[in-house]
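[1] Return a 3D structure for these sequence lines:
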Amino acid sequence: KAETYYQHLYDVAVTQNPSVYSGVNEGADFNVTAIDSLVNKGTGKNYGVELTVERFYSKGYYYLITGSLFESKYKGSDGIERNTAFNSKYTLNVLGGKEFQMGPKNVLSVNSKGVLAGGKRYIPIDEAKSLLSGQPEYINTEAYKNKYDDYFRLDFKIAFTRNGKHITQQWAVDVQNITNRENVFIEIFDPYTRTVKTNYQMGLFIVPMYRITF
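    Model prediction:
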């Protein structure tokens with residue numbers, strides 16, 4: 001399946017005075033922006049193409065591949081068109097699984113999932129000004145021009161299921177981020193060390209599981 005799309009945004013919340021702020025970027029940093037006196041004069045647009053290849057579960061296996069190429073732009077109250085915080089340009093998702101029947105009651109299953117996406121965009125920290133003020137100061141003229149490194153994650157799960165007359169039991173091991181990739185979460189200014197630090201997302205994480213279903 002292939003599809004294209006175009007979305008035009010209008011009446012987006014922006015500041016009264018010229019700035020890079022726009023409501024379209026809310027939620028990108030997992031914090032609440034304390035900005036008031038907004039007006040509905042901002043605009044934005046999203047467009048791209050998506051491709052999906054899917055095999056529904058049959059003969060013991062399945063897979064799904066989805067890819068997207070896109071652009072995401074906005075204009076704040078300064079009237080300059082910029083990338084939104086979410087304009088990573090592309091994303092690719094691949095998942096699949098296989099089941100092996102081991103007798104009339106037992107099933108061994110393996111599943112894997114991978115994600116590759118363009119890096120998150122950000123507003124760079126002005127380290128010199130931050131050192132003077134003791135708090136993070138941003139270079140707003142460079143808002144969302146640059147991206148962090150691309151995001152990559154690969155998960156793998158193996159499970160053994162035994163179907164009983166009254167209950168079903170499953171033993172499994174879920175290995176998340178199997179390559180131990182250090183994906184960037186965010187850059188911050190640390191007032192204690194007075195340096196710009198990079199925080200990373202979770203690395204390799206192994207989750208053993210036992211499930212009983214009545």
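[2] the helices in the chain, which residues?
    Here the chain has its helices, by DSSP state H, at 127-133.
[3] So which residue of it lies furthest out from the middle?
    Distance to the chain centre peaks in the chain at K165, reaching 41.7 Å (criterion: C-alpha atoms, centre = their mean).
[4] what bridges to F100?
    For F100, the beta-bridge partners under DSSP bridges are L108.
[5] Could you count how many residues lie near it?
    12 (other C-beta atoms under 10 Å). Where C-beta positions appear, they are placed from N, C-alpha and C, glycine not excepted.
[6] That one and T15, how far apart?
    59 Å (C-beta to C-beta, to the nearest Å).
[7] and what of V184?
    For V184 relative to T15 (C-beta to C-beta), the value is 28 Å.
[8] got it, and L9?
    17 Å.
[9] Pairing partners for the longest strand seen in the chain, with directions?
    If you go by DSSP state E, the chain has its longest strand at strand 38-58. If you go by DSSP bridges, strand 38-58 pairs up with strand 2-15 (antiparallel), strand 61-75 (antiparallel).
[10] Let me have those in a markdown table, adding distance to D155 as columns.
    Listed next are the strands paired with strand 38-58 as a markdown table, based on distance: least, C-beta to C-beta, whole Å:
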| stretch | distance to D155 |
| --- | --- |
| strand 2-15 | 26 |
| strand 61-75 | 14 |
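[11] Give me whichever of those strands is most buried.
    Greatest average neighbour count among the strands paired with strand 38-58 goes to strand 61-75 (a mean of 17), per mean count of other C-beta atoms under 10 Å.
[12] Please enumerate residues in contact with it?
    The contact list for strand 61-75 (C-beta atoms under 8 Å, 6 or more residues apart in numbering) reads 9, 12, 22, 24-25, 42-56, 81-84, 86-87, 89-99.
[13] among those, which ones are buried?
    In these, burial by neighbour count holds for 9, 12, 22, 24-25, 42-46, 48, 82-84, 86-87, 89, 91-92, 94-95, 97, 99, counting by 16 or more other C-beta atoms under 10 Å.
[14] what pairs with V39 across the strands?
    With DSSP bridges applied, V39 shows beta-bridge pairing to V14.
[15] gap between it and G76?
    Note on V39: its distance to G76, by C-beta to C-beta, is 11 Å.
[16] For these two, list the residues in contact with both.
    14-15.
[17] quick one: which of these two has more around it?
    Taking other C-beta under 10 Å, V39 and G76 do not tie; G76 has more neighbours (25 against 13).
[18] and the more buried one, what does it touch?
    Listed by C-beta under 8 Å, 6+ apart, the contact set of G76 reads 14-15, 18-22, 42, 82.
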